[in-house]
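Chemist: Build me a structure from this.
(one chain, ligands or ions: 1)
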Amino acid sequence: VSATESHWQGVYATRRADEVSWHQPAPTISLELIARYAPPQASVIDVGAGASTLADGLLAAGHADLTLLDVSENALAAGKARLAAHAGIIWLVQDITAFKPARAWDVWHDRAVFHFLTSFDDQSRYIAALTVATHPGSVAIIATFAPDGPEKCSGLPVQRYDAQSLAARIGAPFCLIDQRREDHITPAGSVQKFSYAVLKRT
Ligand SMILES: C[S@@+](CC[C@H](N)C(=O)[O-])C[C@H]1O[C@@H](n2cnc3c(N)ncnc32)[C@H](O)[C@@H]1O
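Modeler: Coordinates of the predicted model:
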């Protein structure tokens, strides 16, 4: 078991899904951006899905081909229980830096996973997986802590980005087409500055 897996397995074994700092009542910006840049038929992979309700919102919007990936099996357990009725959802317990995708998706969504990759090599492995997992025309929506956001999350150091620096690190053939900033209010009541980049693969 890797350090990454044991860290996140521990987090989700000891914390309620609605008390972790990244919990949001609804993933409003993610749903808005996916609706704006992809049709309801689009297939979506949520990387580091955790216990997010993004999949619930996407099902409600008509998306049927959904894949939820997380390094922690515990992280996916709540969603699995909630969405058990939806046979179409694919669950992958997988470290994104070792992911060898066997298919491509129309939308790649990541909120607060890439920013944990502080080594250049891990970032490159993520970008390699992203590239195999998408096709020309696919959209990648990647949310990270912003330059004025926290330096750590869940006790781990993070690399902070604005949309431009994120797009520069991901690189061609992904082009920045839109961006958002978010003041995320944690369950404890503090503000975390997030940056969302919408990248289109040419
Ligand atoms: C800060 S949480 C965000 C969860 C979810 N995206 C959300 O917005 O609520 C980060 C998630 O990424 C997962 N994760 C962390 N490192 C990962 C990696 N290398 N590969 C896959 N998942 C990872 C964690 O288990 C956790 O569920």
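Chemist: Name the residue most distant from the centre of the chain?
Modeler: For the chain, the largest distance from the centre (CA atoms, centre = their mean) belongs to residue 85, which lies 22.9 Å off.
Chemist: What about the closest residue to residue 77 other than its chain neighbours, how many residues nearby?
Modeler: Of all residues not flanking residue 77 in the chain, residue 12 sits nearest, at 7.4 Å (CB to CB, 6 or more residues apart in numbering). For glycine as for every other residue, the C-beta is placed from the backbone atoms N, C-alpha and C. Applying other CB atoms under 10 Å, we find 20 residues neighbouring residue 12.
Chemist: hang on, residue 12 packs against residue 72?
Modeler: Yes - taking contacts as CB atoms under 8 Å, residue 12 lies within contact range of residue 72: 5.4 Å.
Chemist: And for stretch 149-157, what's in contact with it?
Modeler: 7-8, 11, 20-22, 112, 115-116, 118, 145, 158, 160, 192-195 (CB atoms under 8 Å, 6 or more residues apart in numbering).
Chemist: In which helix or strand does residue 199 reside?
Modeler: According to DSSP states H and E, residue 199 maps onto strand 191-201.
Chemist: Kindly write the PyMOL command that selects the buried subset of the contacts of stretch 149-157.
Modeler: Listed next is the PyMOL selection for buried residues among the contacts of stretch 149-157, using 16 or more other CB atoms under 10 Å:
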select buried, resi 8+11+20+22+112+115+116+145+158+160+192+193+194+195
